[in-house]
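Sequence first, predicted coordinates after that:
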Protein chains: 2
Amino acid sequence: MTEPAFRRARSAEAKQAREGAILDAARTLGEGRGIRDVTLTDIAAEVGMHKSALLRYFETREQIFLELTAQGWREWSAALRAELAARTAATPAEVAGLLAATLSARPMFCDLLAQAPLNLERNVSLEAVRTFKLVTLDEVALIGAELHRLLGLTEQQVLDLAATATGMAGALWQIATPGPAIRALYTSDPRLGHAVVEVEPRLRRVLTAFLLGLEADAPTP
Amino acid sequence: MTEPAFRRARSAEAKQAREGAILDAARTLGEGRGIRDVTLTDIAAEVGMHKSALLRYFETREQIFLELTAQGWREWSAALRAELAARTAATPAEVAGLLAATLSARPMFCDLLAQAPLNLERNVSLEAVRTFKLVTLDEVALIGAELHRLLGLTEQQVLDLAATATGMAGALWQIATPGPAIRALYTSDPRLGHAVVEVEPRLRRVLTAFLLGLEADAPTP
């Protein structure tokens, strides 16, 4: 039995529309309350599907959020590269500022960056991990081309920088967003003042020092 | 009804011994398979107690692991400070090497460092969070005194460095330890070569650049 081409096309389109609706619902819920508290049942309810129907489009709750992480990488990378591409020259501090500003402006992406290796990649198929990793490596290479042009970074330095920027954005976001009860504790106990963390200024200072250090360590041309 | 002092002392001792046995069991299981896969039932079985009895000593599975994280901070900090205290002078690269070596030699501590803000602190009482945070801030202050002596770091630089060292140790360990199936995928697909991460060399390079950058940015005395 063969399916007519037009019907296959229509059903592929319908499938894509359904997947998009599921991802939109997961994004809305994740932005509202942090992704840790969003279950597959919540997503199904938000999109108006039965959970069993939803599982025809995605393997697990984690695959949905891993796909949102991949989308987050593409979207963040495009925004960062647009900023970098507009410059003919930049200092380490300016590049660090752009990295910190573009990451901290995307709180759900920061949340996902920490969740991906801990929780998401461990509850999906190997093919889903492969697809996700290829997206991140492609985006790092694209960002790297701009950073090579502006600061002369090598491939290894780009990989180290990308790991530091995204690793610290994830870690700092988790520490900076501990939930209202713990945040109230931090601000009420004067001994815990240093437990209150702001993502952007710390990320900017760390990345500025990192990039200045690469420059200081470079052989004089 | 008052309890005789000697009986209170004996029961306090017995309680402490039980708590120690529970922590030892959780540590053994966590070192063997990574803490994500260790349940409260596993710990109870390992220590030879009923789960309900175990819950008289700890609130939750997460409190047990948060207590192990606090122990990890004290133990790591003591080892690092012993190395630092033995030196009358040190370069940024030497200090970065010590930080990377002492952290990567403690894989379960790296695992816990990433799990604490994501999972552990969110499933315990506020008092447990307070106790834990005070331990980490005390140890950072002790480490900071050595780093001020050797490299002239300010309090803010020490806090940024501690966040970077422990945040990246946690993030890199999670990425470097994705489980056997994903590791096999990374090494079998040549496009995924950069997905294979080694904790110590990357952590050493990142912290070296960070500390060199602080030095480069410092006003000339």
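On my side now, so go ahead. Numbers count the residues shown, from 1 in each chain, chains lettered A, B, ... in the order given.

Which secondary structure element of chain A has the lowest mean pLDDT?
For chain A, counting by mean pLDDT, DSSP states H and E, helix A:5-33 ranks last in confidence among helices and strands (a mean of 88).

That helix near chain B anywhere?
No. Using Cβ under 8 Å from any Cβ of the partner chain, helix A:5-33 stays clear of chain B, with a minimum separation of 12.7 Å. Just so you know, the C-beta spots here come from the backbone N, C-alpha and C atoms, and that holds for glycine as well.

same for that helix, what does it pack against?
Helix A:5-33 sits against helix A:40-47, helix A:61-85, helix A:107-115, with contacts defined as 3 or more Cβ pairs under 8 Å, 6 or more residues apart in numbering or on different chains; DSSP states H and E.

how about the nearest residue to A:Leu212, chain neighbours excluded?
Distances taken as Cβ to Cβ, 6 or more residues apart in numbering or on different chains place B:Gly213 nearest to A:Leu212, at 3.5 Å, with adjacent residues excluded.

which stretch of helix or strand covers the one you found?
helix B:199-217 (DSSP states H and E).

Identify all contacting residues around that helix.
Residues outside helix B:199-217 that contact it (Cβ atoms under 8 Å, 6 or more residues apart in numbering or on different chains) are A:92, A:156, A:160, A:163-164, A:206, A:208-217, B:92-93, B:95-97, B:99-101, B:103-104, B:110, B:151, B:153, B:157, B:161, B:164-165, B:168-169, B:172-173, B:176.

And chain A, split by domain according to the record?
Split into domains by the TED database, chain A comes to A:1-58, A:61-217.

Please identify the most buried of the ones you listed.
When those are scored by mean count of other Cβ atoms under 10 Å in any protein chain shown, the highest mean neighbour count falls to domain A:61-217 (a mean of 19).

The least confident helix or strand of chain A vs helix A:40-47, what angle?
Helix A:5-33 and helix A:40-47 are oriented at 110 degrees to each other (axes from the mean of the first three to the mean of the last three Cα atoms, to 10 degrees).

just the angle between helix A:5-33 and helix A:61-85, please?
Using the same axes, to 10 degrees: helix A:5-33 against helix A:61-85 is 80 degrees.

Helix A:5-33 vs helix A:107-115, what angle?
For helix A:5-33 against helix A:107-115, the angle by the same axes, to 10 degrees is 90 degrees.

roughly how far is helix A:5-33 from the heart of the chain?
Counting by Cα atoms, centre = their mean, to the nearest Å, helix A:5-33 is centred 20 Å from the centre of its parent chain.

which residues touch the spatially most central residue of chain A?
For chain A, A:Phe109 is the residue whose C-alpha lies nearest the centre (Cα atoms, centre = their mean; 3.7 Å). With contacts defined as Cβ under 8 Å, 6+ apart, A:Phe109 is in contact with A:69, A:72-73, A:75-76, A:103, A:169.

do that again at 6 Å, thanks
If you count contacts by Cβ atoms under 6 Å, 6 or more residues apart in numbering or on different chains, A:Phe109 has them with A:72, A:76.

Could you report the pLDDT at the residue nearest to A:Leu212?
Confidence at B:Gly213, expressed as pLDDT, is 96.

Same check on the one 5 residues further on?
Here, the pLDDT recorded for B:Ala218 equals 78.

now the residue nearest to it when sequence neighbours are not counted: how far from chain A?
Sequence neighbours aside, B:Gly152 is the residue nearest to B:Ala218 in space, at 7.4 Å (criterion: Cβ to Cβ, 6+ apart). Separation of B:Gly152 from chain A (Cβ to the nearest Cβ, to the nearest Å) stands at 14 Å.

Contact residues of chain A facing chain B?
Residues of chain A lying near chain B by Cβ under 6 Å from any Cβ of the partner chain: A:117-118, A:126, A:129, A:133, A:137, A:159-160, A:164, A:167-168, A:171, A:174-175, A:182, A:185, A:192, A:194-195, A:205-206, A:209-210, A:212-214, A:216-217.

By mean pLDDT, show me the worst of the domains of chain A.
For the domains of chain A, the weakest mean pLDDT is recorded on domain A:1-58, namely a mean of 88.

distance between that one and the chain's centre?
Distance of domain A:1-58 from the chain centroid (Cα atoms, centre = their mean) equals 20 Å.

can you check stretch A:188-204 too?
Chain-centre distance of stretch A:188-204: 22 Å, with Cα atoms, centre = their mean.

Do me a favour and get the end-to-end distance for it?
This stretch, stretch A:188-204, spans 27 Å end to end (Cα to Cα, to the nearest Å).

Could you do stretch A:105-125 as well?
First residue to last in stretch A:105-125 (Cα to Cα) measures 30 Å.

Same check on stretch A:102-119?
Terminal residues of stretch A:102-119 lie 24 Å apart, using Cα to Cα.

before we move on, the earlier item: how about the domains of chain A in TSV, adding distance to B:Asp24?
Below are the domains of chain A laid out as TSV (distance: least, Cβ to Cβ, whole Å):
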stretch	distance to B:Asp24
domain A:1-58	29
domain A:61-217	25
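
right, so of these, which gets closest to B:Leu55?
Checking the domains of chain A against B:Leu55 by Cβ to Cβ gives domain A:61-217 as the closest, at 21.4 Å.
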